[in-house]
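> structure, please.
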Amino acid sequence: MRAVQFTEYGPPGVVHVAEVAAPHAGPGEIRVAVRVSGVAPGEVRIRSGALREVVPVTFPFRTGFDAAGVVDEVGAGVTGVGVGDEVFGMATTAMRGANADFAILAAWAPKPAAWSWEEAGGAAGGVETATRVLDRLAVRAGHTVLIQGAAGAVGTIAVQLAVGRGATVIGTASEHNHDTLRALGAEPTTYGAGLAERVRVLAPAGVDAVFDCAGGSLPDLIAIAGDPGRVVTIADLTAAAHGVHLSHGAPSDDTGAAVGAGADPLAVHGLAIAVTLAGEGRLRVPVAAAFPLAEAAAAHELSESRHAPGKIVLVS
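Residues are numbered from 1 along each chain as shown. The predicted model follows:
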């Protein structure tokens, strides 16, 4: 089968499609014939080498953390899903490999009828990441949450999941993305100098939590939150120096459970919530661009530009 991989750290051009042996579902796993898979900003940083100290890899490294497709193989001990079912979900954190013709999923849920294949293929990683961070921040009804970088692949999902919990959301983004954020349920503002003052106008009583999807602004975000313990970042590697938690989804991150090791109950729970919200018309997956699998390098290049409003996906 075809699979996207890289054999060295470097620019987008190191990503290429290779012919590899097709995987098979082990206990607690399913295999899908992939229709669409996601390109995660975190994996773009892994490819560049920026995360080599946080997420070490073994070459060749196969990319792709989330996918949607049709089940064609069911592993031992798996119930409630069968060959021919349409699902979306996540590969294991360690193995990945969803950018391929076939992928092994360790956490999955039925594909919502309201979603296109492109939406479903790019959904699971953002749902898992956003749920993980919102849980760590204990976001609930009545809270006010600031999401920095709210128009990106994770930010757009986080906005909707936080609104789904009953929280008020303020989201930072470039001005041309403000209408998108309003449509998702957030009050938009621009990032950069003067952010604290703008947030104070929108939330005079202050914010309860800050979810940083962009990086580079932790001192300002801590000042807004009033406590580094109320800030979680998925993008800023200087987090520890500021007393902020960096949530990266590696095994044992946050929960003590290996994300993607079998059908992780926390990941499955997050996907189930997403299915419910999608069925109610309260969770969309903005897709910035869809590329053929063979153009994975171009997809990485677009992601690295940080100008994509929403998820970038690969069509198998």
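
> okay, CA-based contacts and neighbour counts for the rest of this
Noted.

> can you get me a residue count around P41?
Residues contacting P41 under the criterion other C-alpha atoms under 10 Å number 19.

> how close does it get to L134?
P41 sits at a distance of 19 Å from L134 (criterion: C-alpha to C-alpha, to the nearest Å).

> in the stretch 151-300 of the chain, which spans are helices?
153-164, 178-184, 195-202, 218-225, 265-279, 296-305 (DSSP state H, counting those that start in this stretch).

> deepest of those, which one?
Across the helices of the stretch 151-300 of the chain, averaging neighbours per residue (mean count of other C-alpha atoms under 10 Å) puts helix 153-164 on top, at a mean of 26.

> which elements pack onto it?
helix 124-136, strand 144-148, strand 168-172, helix 178-184, strand 311-315 (3 or more C-alpha pairs under 8 Å, 6 or more residues apart in numbering; DSSP states H and E).

> hmm, who's touching that helix?
40-41, 126-127, 129-131, 134, 139-140, 145, 147-150, 168-169, 171, 181, 184-186, 213, 274, 277, 282-286, 309-312 (C-alpha atoms under 8 Å, 6 or more residues apart in numbering).

> for it, list the C-alpha coordinates in PDB.
Presented in PDB, the C-alpha positions along helix 153-164 are these (Å, rounded to 0.1, in the frame of the first residue of the first chain):
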ATOM      1  CA  ALA A 153      -7.100  23.100  13.200                       C
ATOM      2  CA  VAL A 154      -7.300  22.500  16.900                       C
ATOM      3  CA  GLY A 155      -8.600  26.000  17.800                       C
ATOM      4  CA  THR A 156     -11.800  25.700  15.700                       C
ATOM      5  CA  ILE A 157     -12.600  22.400  17.400                       C
ATOM      6  CA  ALA A 158     -11.700  23.700  20.900                       C
ATOM      7  CA  VAL A 159     -14.100  26.700  20.400                       C
ATOM      8  CA  GLN A 160     -17.000  24.500  19.700                       C
ATOM      9  CA  LEU A 161     -16.300  21.900  22.400                       C
ATOM     10  CA  ALA A 162     -15.900  24.700  25.000                       C
ATOM     11  CA  VAL A 163     -19.200  26.200  23.800                       C
ATOM     12  CA  GLY A 164     -20.800  22.800  24.000                       C
END
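
> quick check: mean pLDDT of that helix?
Averaged across helix 153-164, pLDDT comes to 97.

> where does the stretch 151-300 of the chain have low pLDDT?
249-264, 266 (pLDDT under 70).

> separation between the spatially most central residue of the chain and A138?
The chain has G126 as the residue nearest its centroid, 2.4 Å off, counting by C-alpha atoms, centre = their mean. G126 sits at a distance of 18 Å from A138 (criterion: C-alpha to C-alpha).

> now do R284
23 Å.

> same thing with A183?
24 Å.

> and M1, by the same measure?
42 Å.

> now do D66
Going from D66 to A138 by C-alpha to C-alpha gives 25 Å.

> neighbour count winner among those two?
Shown here are D66 and A138; by other C-alpha under 10 Å, D66 has more neighbours (33 against 12).

> quick one, what contacts the closest residue to the more buried one other than its chain neighbours?
Beyond its immediate neighbours in the sequence, the residue positioned closest to D66 (C-alpha to C-alpha, 6 or more residues apart in numbering) is M90, lying 4.4 Å away. By C-alpha under 8 Å, 6+ apart, the residues touching M90 are F65, D66, A67, A98, L105, A106, A107, W108, A124, G125, G260.

> bridging residues for M90?
Beta-bridge partners recorded for M90 (DSSP bridges): D66, A107.

> just the pLDDT for it.
pLDDT, read off for M90, is 94.

> and V70, by the same measure?
98.

> beta partners of it?
Beta-bridge partners recorded for V70 (DSSP bridges): A33, E86.

> might one say that it is in contact with E86?
Yes. When contacts are counted by C-alpha atoms under 8 Å, V70 is listed as touching E86 (4.6 Å).

> looking at those two, which is more packed in?
Higher neighbour count among V70 and E86: E86, with 22 against 19, using other C-alpha under 10 Å.

> output stretch 59-78 as PDB, nothing but the C-alphas.
Output of stretch 59-78 as PDB, limited to C-alpha atoms (Å, rounded to 0.1, in the frame of the first residue of the first chain):
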ATOM      1  CA  PHE A  59      13.100   6.500  10.900                       C
ATOM      2  CA  PRO A  60      11.400   5.900   8.700                       C
ATOM      3  CA  PHE A  61       8.500   7.800  10.400                       C
ATOM      4  CA  ARG A  62       5.100   7.300   9.000                       C
ATOM      5  CA  THR A  63       2.800  10.300   9.400                       C
ATOM      6  CA  GLY A  64      -0.900  10.700  10.200                       C
ATOM      7  CA  PHE A  65      -2.700  10.600  13.500                       C
ATOM      8  CA  ASP A  66      -6.400  10.800  12.400                       C
ATOM      9  CA  ALA A  67      -8.400   9.300   9.600                       C
ATOM     10  CA  ALA A  68     -11.800   8.300   8.400                       C
ATOM     11  CA  GLY A  69     -12.700   5.300   6.300                       C
ATOM     12  CA  VAL A  70     -14.500   2.000   6.000                       C
ATOM     13  CA  VAL A  71     -13.700  -0.800   8.400                       C
ATOM     14  CA  ASP A  72     -12.200  -3.800   6.600                       C
ATOM     15  CA  GLU A  73     -10.600  -5.700   9.500                       C
ATOM     16  CA  VAL A  74     -11.500  -6.100  13.100                       C
ATOM     17  CA  GLY A  75      -9.100  -7.200  15.800                       C
ATOM     18  CA  ALA A  76      -9.600  -9.600  18.700                       C
ATOM     19  CA  GLY A  77     -11.800  -8.400  21.500                       C
ATOM     20  CA  VAL A  78     -13.400  -5.500  19.500                       C
END
